[in-house]
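>>> here is my input; please provide its structure:
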Amino acid sequence: MESINKVSIPEKKAVPAIISSLQCKCPRCREGNMFVSRNPYNLKQTLNMHKECSVCKQPFELEVGFYYGSSYVSYAMSVALSVASLIAWWVFIGLSIYDNRFIYWLVFNAVLLLVLQPVLMRLARSIWLAFFVRYNKNWRTQPPERTERTNKDQMNNW
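Residues are numbered from 1 along each chain as shown. All right, here's what the predicted structure looks like:
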């Protein structure tokens, strides 16, 4: 009787960490989606996250209040975006103390940040989680570390 050799499925190359964070993918396997809805402008579900990755089972809530820290990332991205828009405004339109172009930039920047807020909040959560959960090339065979500091009674109280 002939023995059947198992055909090994070639593993996909890992997506770079920056790309997976921008796509809001699980930082451990870089394949599973973090958020329930793919559309950040579905405002009722903007920050609704899966409890764990559907692919590698990595928990997304590492401890109670874990995502408070993502506000620092969101703040840094907002400042960087504001500086970039100010420089772009200065290069393309110009700034002057003799007219209202700076005021127009302030209004433009406020509207820009308001429109991009759902995207920035999601990206901040994705980047914040990537600080604490590293890519594991052996995620198929190694189970994720289980969290110890979660309290189911206190989840979603904020």
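>>> when you work out contacts or count neighbours from here on, use the C-alpha atoms and nothing else.
OK.
>>> and the contacts of the helix or strand harbouring Ala76?
Per DSSP states H and E, Ala76 falls inside helix 70-92. For helix 70-92, contacts defined as C-alpha atoms under 8 Å, 6 or more residues apart in numbering pick out 95, 105, 109, 113, 120-121, 123-125, 127-128.
>>> these in helices, which ones?
Residues from those lying in helices, with DSSP state H as the criterion: 105, 109, 113, 120-121, 123-125, 127-128.
>>> pick out the residue nearest the middle of the protein.
Computing the C-alpha centroid of the chain and ranking residues by C-alpha atoms, centre = their mean puts Ser126 first, at 2.3 Å.
>>> I'd guessed that residue sits against Ile19; true?
No: counting by C-alpha atoms under 8 Å, Ser126 sits too far from Ile19 to count as a contact (10.8 Å).
>>> so who does the residue nearest to the centre of the chain touch?
Here Ser126 is in contact with 21-22, 24-27, 34 (criterion: C-alpha under 8 Å, 6+ apart).
>>> now, which of the contacts of helix 70-92 sits nearest Arg38?
Of all the contacts of helix 70-92, Arg38 sits closest to Leu123, with 12.4 Å by C-alpha to C-alpha.
>>> now the closest one: closest residue in space, sequence neighbours ignored.
Among residues not flanking Leu123 along the chain, Leu22 sits closest, at 6.3 Å (C-alpha to C-alpha, 6 or more residues apart in numbering).
>>> does that neighbour touch Met121 like I think?
No: applying C-alpha under 8 Å, one finds Leu22 not in contact with Met121, separated by 11.5 Å.
>>> and these two? which has more neighbours close in?
Legend: neighbour count by other C-alpha atoms under 10 Å for Leu22 and Met121, higher for Met121 (20 against 14).
>>> which non-adjacent residue is nearest the more buried one?
In this structure, Met121 finds its nearest non-sequential neighbour in Ser74, 6.1 Å apart by C-alpha to C-alpha, 6+ apart.
>>> how close does the one you found get to Trp128?
In this view, Ser74 and Trp128 are 9 Å apart by C-alpha to C-alpha, to the nearest Å.
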